[in-house]
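Asks: With the sequence up front, the predicted model follows.
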Amino acid sequence: MKKTLLAAALLGSFAASAFAAPSVTLYGIIDTGLNYTHYRADDGKTASTDTFSMASGQSSGSRWGLRGDEKIGSVTVGFNLENGFNSDDGTETMSRLFGREASVHVAGKYGTLYAGREGKLISTAGAAAMGGIFSPFSVLWGDAGIKAQTGTDWGRIDNSLTYVSPSFSGLEIRAQYSFKNDGTKTGDENSSDVDRYAALGVSYKNGPAQFGLIGDYSMWKNVAKATENVDNGFSVIAGGNYDFKAVRVYGQVNYFDNQSTLVNSVGGLDKFTATTSTTDMKGNLGYEGWGISLGATAPAFGGTVIAGVSYRDAEEVQGDNEYKRWEAALGYTYAFSKRTNAYAGVTYAQQKAEMKDKNQTPSAVGVMAGLVHKF
């Protein structure tokens, strides 16, 4: 009995020391707030609606994660596991434990190589992502999110390799490839049975200036006669930000073609999905178009004011429908400490849909406020 107790105590002390190792960190963000939305459908039959609710992740996605690294000679080996959840009800935001990120990386004097589930280069998710330099609202803040200002989904990919070069006087090169965008789907990796993704990005940072250029290429699966003629998609985005001390200005312009979805975030036109079928009666094989946005942040009253406007013009690659979307937003954040801040914002978005059988111009006004705590 004494030996059993002694063994348990020793095992407990070893486990405690392992979890207390400084190379492994438990971290997280909890963002909980309130949201009000007024939506006007403009479809001739649906009345305007008003909703008021508690919401999670309005300015920062609620998450918890584990990250760590080990120095082996001149090389550092590390990992990052990150879970997303809704802080208002405790549910997961994705259908997997580590949906936000699950990756391992090796870093040395020749750069860093990541492997696993990562954010796309054009996203704001993960250490290799570049999307955060283009907009002060990132992908969140309701209708102000940059996802709806472009033709890409700003999402994550499985089975990926991402390379980030060392900095050459502020210049960095990034390259990314996914053997299979969604590991939960059927089909062999790196084959025409599955969607694949490739991207190349260049960023430059020097003092108050930060700029980026990203080109990405989506290889849609071709597994049946109905989809064998679907063209692959691509997009290009260029922009950055500059700190004038009194105000930091952001801007970007983008072009896209043969994209499978359009994120809109405006009520009934929340998301358009292409049929990607050559035999479909609608004949919609994807979307093409362009977008532009301007934004700024400035210190005010001890916090930070955030503002932005954007426009996107999109149409079906093979079809009659066109969609013109514009948006304006104003936000404010106030930090109580390095770990806790409050935020508030108001957004307006309008989507003019010029369709074959009718025209529709839905619009939405959003008001949000909340508290963010980091640990």
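Replies: Thanks, I have the structure now.

Asks: mind listing what's buried in the longest strand along the chain?
Replies: When the chain is parsed with DSSP state E, its longest strand is strand 24-40. Judged by neighbour count (16 or more other CB atoms under 10 Å), strand 24-40 contains these buried residues: 28-33, 35, 37, 39-40. Where C-beta positions appear, they are placed from N, C-alpha and C, glycine not excepted.

Asks: and the residues you listed, which two are the farthest apart?
Replies: Using CB to CB, the buried residues of strand 24-40 span at most 37.1 Å, a distance reached by Gly28 and Arg40.

Asks: May I ask you to confirm that Thr91 is in contact with Gly84?
Replies: No. Counting by CB atoms under 8 Å, Thr91 stays clear of Gly84, with 10.1 Å between them.

Asks: same for the helix or strand hosting Ala296, what does it pack against?
Replies: Using DSSP states H and E, Ala296 sits in strand 287-300. Here strand 287-300 touches strand 248-259, strand 303-316, going by 3 or more CB pairs under 8 Å, 6 or more residues apart in numbering; DSSP states H and E.

Asks: Paired strands for the longest one, with orientation please.
Replies: Strand pairing for strand 303-316, determined by DSSP bridges: strand 287-300 (antiparallel), strand 322-335 (antiparallel).

Asks: what angle do it and strand 248-259 make?
Replies: Compare the direction of strand 303-316 with that of strand 248-259 by axes from the mean of the first three to the mean of the last three CA atoms, to 10 degrees and you get 20 degrees.

Asks: export strand 303-316 as CSV, just CAs?
Replies: What follows is strand 303-316, C-alpha atoms only, in CSV (Å, rounded to 0.1, in the frame of the first residue of the first chain):
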residue,chain,number,x,y,z
GLY,A,303,-8.9,54.1,-26.3
THR,A,304,-8.9,53.5,-30.0
VAL,A,305,-11.5,54.6,-32.7
ILE,A,306,-11.9,52.2,-35.7
ALA,A,307,-13.5,53.2,-38.9
GLY,A,308,-13.9,51.8,-42.4
VAL,A,309,-15.8,51.8,-45.7
SER,A,310,-15.8,49.2,-48.5
TYR,A,311,-17.3,48.3,-51.8
ARG,A,312,-17.5,45.0,-53.8
ASP,A,313,-18.8,44.3,-57.3
ALA,A,314,-19.5,40.7,-58.1
GLU,A,315,-21.3,38.6,-60.8
GLU,A,316,-21.9,35.0,-61.7
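
Asks: average pLDDT across it?
Replies: For strand 303-316, mean pLDDT is 96.

Asks: Can you give the distance of it from its chain's centre?
Replies: Centroid separation between strand 303-316 and its chain, computed with CA atoms, centre = their mean, to the nearest Å, is 15 Å.

Asks: List the buried residues of that strand.
Replies: Neighbour-count burial for strand 303-316 [16+ other CB under 10 Å]: 303-310, 312, 314, 316.

Asks: Kindly report the same for stretch 154-171.
Replies: Residues of stretch 154-171 classed as buried by neighbour count (16+ other CB under 10 Å): 154-160, 162, 164.

Asks: out of the residues you listed, which one sits closest to Gly212?
Replies: Val164 (12.8 Å).

Asks: Hmm, Ala129 and the closest one touching each other?
Replies: No. Val164 lies out of contact with Ala129 (CB under 8 Å); the separation is 10.2 Å.

Asks: With Asn232 as the reference, measure out to Val317.
Replies: 12 Å (CB to CB, to the nearest Å).

Asks: Kindly point out which residues are neighbours of both of these two.
Replies: Common neighbours of Val317 and Asn232, counting by CB atoms under 8 Å, 6 or more residues apart in numbering, are Asn258.

Asks: Can you give the distance from the strand holding Ala296 to the centre of its chain?
Replies: Distance, centroid of strand 287-300 to centroid of chain: 15 Å (CA atoms, centre = their mean).

Asks: Stretch 136-145 now?
Replies: On CA atoms, centre = their mean, the centre of stretch 136-145 falls 10 Å from that of its chain.

Asks: Just the CA trace of that stretch, in PDB.
Replies: Presented in PDB, the C-alpha positions along stretch 136-145 are these (Å, rounded to 0.1, in the frame of the first residue of the first chain):
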ATOM      1  CA  PRO A 136      -8.600  47.400 -39.000                       C
ATOM      2  CA  PHE A 137     -11.700  45.300 -38.500                       C
ATOM      3  CA  SER A 138     -10.000  42.000 -39.500                       C
ATOM      4  CA  VAL A 139     -12.600  39.300 -40.400                       C
ATOM      5  CA  LEU A 140     -15.000  40.200 -37.500                       C
ATOM      6  CA  TRP A 141     -17.100  43.100 -36.300                       C
ATOM      7  CA  GLY A 142     -20.200  41.900 -38.100                       C
ATOM      8  CA  ASP A 143     -20.700  43.400 -41.500                       C
ATOM      9  CA  ALA A 144     -17.400  45.300 -41.200                       C
ATOM     10  CA  GLY A 145     -15.400  42.100 -41.600                       C
END
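
Asks: who touches that stretch?
Replies: Residues from elsewhere that reach stretch 136-145, judged by CB under 8 Å, 6+ apart: 35, 37, 57-61, 123-124, 131-132, 146-147, 154, 241, 248, 250, 265-266, 295-297, 306-308, 327, 329, 331, 345, 347-349, 364, 366, 368.

Asks: In terms of secondary structure, what does the longest strand of the chain contact?
Replies: By 3+ CB pairs under 8 Å, 6+ apart, strand 24-40 packs against strand 49-56, strand 63-72, strand 363-374.

Asks: Need the residues that contact the longest one.
Replies: Contact partners of strand 363-374, identified using CB under 8 Å, 6+ apart, comprise 27-40, 42, 55, 58-60, 141-143, 265-267, 338-351.
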